[in-house]
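> Sequence and predicted structure, then a few things I'm wondering about:
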Amino acid sequence: CVCVVTVTTRWWGAKRLDYALYCPEALTAFPSMTLPYLFHASYWESTDVIAFILRQVVRVENVSIRIGDGEEVALFSPTQPRERWLKRRTAVKIKNMTANHRAADSVTLQNTGQSLTARFMYGPLDMVALTGEKVDVYIMLKPPAGEWVHFDTIVTNNHGRIHYSVPKDRMLGCGIYPVKMIVRGDHTSADSFLTVILPRTECVVFSIDGSFTASVSIMGRDPKVRAGAVDVVRHWQELGYLIVYVTGRPDMQKHQVVSWLAQHNFPHGVVSFCDGLSHDPLRQKANYLRNLVQEVEIVVHAAYGSVKDIPVYTSLGLDSSRLFIVGRPNKKNQHQAQFITEGYAVHLSHVLHQPASQPAKAGACMVLHKGCFGLPGQAKGLIRPMAGRQAATQAAPSSH
């Protein structure tokens with residue numbers, strides 16, 4: 001126990017505790033009437049006050065994170081040592097280049113094929129593909145405090161890609177499983193999640209750029225978040241819906257986008273990107289969602305986005321009463337969706353009393369454990385598998 005007198009001598013004043021919200025210098029140039037909305041978002045998304053208190057009392061910057069019933073999140077340690085590259089040219093090709101590997105989040109039905117895909121690239125704008133080199137595939141069993149198991153070693157193809165299918169005798173039960181793919185030659189990695197669900201699992205879809213950002217780019221400067229956006233996503237997650245984030249951005253931007261979601265404490269969900277640069281990102285969005293509906297038997301309960309996303313969502317047969325669009329309607333689309341014109345705070349107060357705002361019927365609520373995205377190095381206290389069939393929990397060899 002720390003003496004209160006000792007603590008207060010380190011703070012400003014004798015008996016005073018100042019609560020502050022982080023305010024970047026750039027905000028001082030904003031009109032004062034806009035600040036309350038920004039501070040509202042900052043209040044719900046920031047942990048600065050707690051971090052400040054802990055620094056004063058404990059005098060440490062890194063505090064171990066515990067989740068759920070007190071279990072610590074399992075830390076990852078590769079079981080396979082670094083090895084020399086299979087190709088002599090690889091070391092020369094990637095010298096002084098930063099890795100930009102990415103693995104796609106995968107959603108699959110229980111008792112059906114479970115596959116993972118990833119691409120391993122180096123340099124800005126994917127200048128160099130890692131070809132013909134070993135990649136180790138690890139999956140965490142019994143997350144979030146379970147064991148990282150080495151499933152297999154795959155060699156990348158001529159485009160730096162790998163495709164891995166979980167063997168039938170090691171298939172996973174319902175749950176959301178962290179996946180790590182480690183390049184054997186330099187131990188750089190790609191992270192993703194394998195989500196195994198029941199038929200008729202209900203989800204709520206959010207278009208990242210259309211729903212959340214109040215400015216254009218997630219590259220470079222940190223864009224503003226629409227006030228109350230996180231609260232709306234959290235509302236649907238607490239009702240038991242699987243959260244699906246879609247974006248027309250290329251997968252080479254995955255690290256920036258997911259880090260941005262993590263920094264603002266967005267609830268964890270499946271994130272979908274376009275496969276490379278696309279001249280028609282809306283079509284790729286529609287194809288991805290259509291695949292979830294037709295192949296994975298997901299039920300889209302509601303969807304959020306911009307006016308551009310209306311054709312994407314209506315192609316899924318989504319009723320206009322559950323299609324929420326940020327912005328103002330025009331004569332052409334005013335009857336195609338519900339428009340959010342007064343901000344998310346007002347929208348949330350309305351949606352709480354709508355028939356659509358009801359707990360998920362089945363599926364996601366049996367799989368999900370509430371949580372948010374985690375930044376690199378942070379614990380990801382988010383998911384537990386269903387306490388049912390766990391085929392993969394059988395003792396499996398961790399070396400190949």
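Noted; the coordinates are in hand.
> remind me which residues of the protein are low pLDDT?
Segments of the chain classed as low confidence (criterion: pLDDT under 70) are 1-28, 34, 36-74, 215-222, 362-371, 374-400.
> quick one: the helices in it?
Applying DSSP state H to the chain gives helices spanning 4-8, 35-45, 48-58, 88-93, 208-211, 229-238, 254-263, 281-295, 310-314, 344-351, 364-367.
> What residues of the longest one count as buried?
Residues of helix 281-295 classed as buried by neighbour count (16 or more other CB atoms under 10 Å): 281, 282, 284, 285, 286, 288, 289, 292. Glycine gets a C-beta too; all of them are placed from N, C-alpha and C.
> For residue 202, state which of those residues is nearest.
Distances from residue 202 to the buried residues of helix 281-295, taken as CB to CB, are shortest for residue 292 (11.5 Å).
> got the contact list for the closest residue to residue 116 other than its chain neighbours?
Setting aside the residues directly before and after it, residue 116 is nearest to residue 164 in space (CB to CB, 6 or more residues apart in numbering), at 4.7 Å. Under the criterion of CB atoms under 8 Å, 6 or more residues apart in numbering, the contact partners of residue 164 comprise 115, 116, 117, 137, 151, 152, 154.
> Residue 320 too?
When contacts are counted by CB under 8 Å, 6+ apart, residue 320 is found next to 314, 335, 336, 337, 338.
> For the residues you listed, which entry has the maximal number of neighbours?
In terms of neighbour count, residue 337 stands highest of the contacts of residue 320 at 25 neighbours, by other CB atoms under 10 Å.
> For it, give me its contacts.
The neighbours of residue 337, taking CB under 8 Å, 6+ apart as the test, are 310, 313, 320, 323, 324, 325, 329.
> of all the residues you listed, which two lie farthest apart?
Comparing every pair within the contacts of residue 337 by CB to CB identifies 313 and 329 as the most remote, at 14.8 Å.
> higher neighbour count, these two?
More crowded of residue 313 and residue 329, by other CB under 10 Å: residue 313, with 27 against 15.
> Ignoring the adjacent residues along the chain, who's closest to that one?
The shortest distance from residue 313 to any non-neighbouring residue, by CB to CB, 6+ apart, is to residue 303 (4.6 Å).
> before we move on, the earlier item: now distance to residue 143 too, for the contacts of residue 320, in CSV please.
Below are the contacts of residue 320 laid out as CSV (distance: CB to CB, whole Å):
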residue, distance to residue 143
314, 36
335, 44
336, 40
337, 36
338, 36
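> Out of the contacts of residue 164, the closest to residue 192 would be?
For the contacts of residue 164, the nearest to residue 192 is residue 116 (7.0 Å; CB to CB).
> domain ranges for this protein?
Taking automatic domain parsing as the criterion, the chain consists of the domains 4-63, 71-198+380-393, 202-362.
> quick one: which of these is nearest residue 372?
Closest to residue 372 of the domains of the chain, according to CB to CB: domain 202-362, at 4.9 Å.
> How far off centre is that closest one?
Relative to its chain's centre, domain 202-362 lies at 13 Å (CA atoms, centre = their mean, to the nearest Å).
> one step back: out of the contacts of residue 337, list just those in strands.
The members of the contacts of residue 337 that map onto strands under DSSP state E are 323, 324, 325.
> And the last one, how far from residue 356?
According to CB to CB, to the nearest Å, residue 325 stands 15 Å off from residue 356.
> Neighbour count for the two, which is higher?
Looking at residue 325 and residue 356 with other CB under 10 Å, you find the greater number of neighbours at residue 325, namely 26 against 15.
> Could you double-check that that one sits in contact with residue 307?
Yes: applying CB atoms under 8 Å as the test, residue 325 and residue 307 come out as touching, 6.0 Å apart.
> joint contacts of those two?
Counting by CB under 8 Å, 6+ apart, the shared contacts of residue 325 and residue 307 are residue 333.
> give me the number of residues near residue 243?
20.
> Could you tell me how many residues sit around the nearest residue to it once chain neighbours are set aside?
Distances taken as CB to CB, 6+ apart put residue 269 closest to residue 243, at 3.0 Å, once the chain neighbours are dropped. Residues near residue 269, counting by other CB under 10 Å, number 27.
> With that, I have no additional questions.
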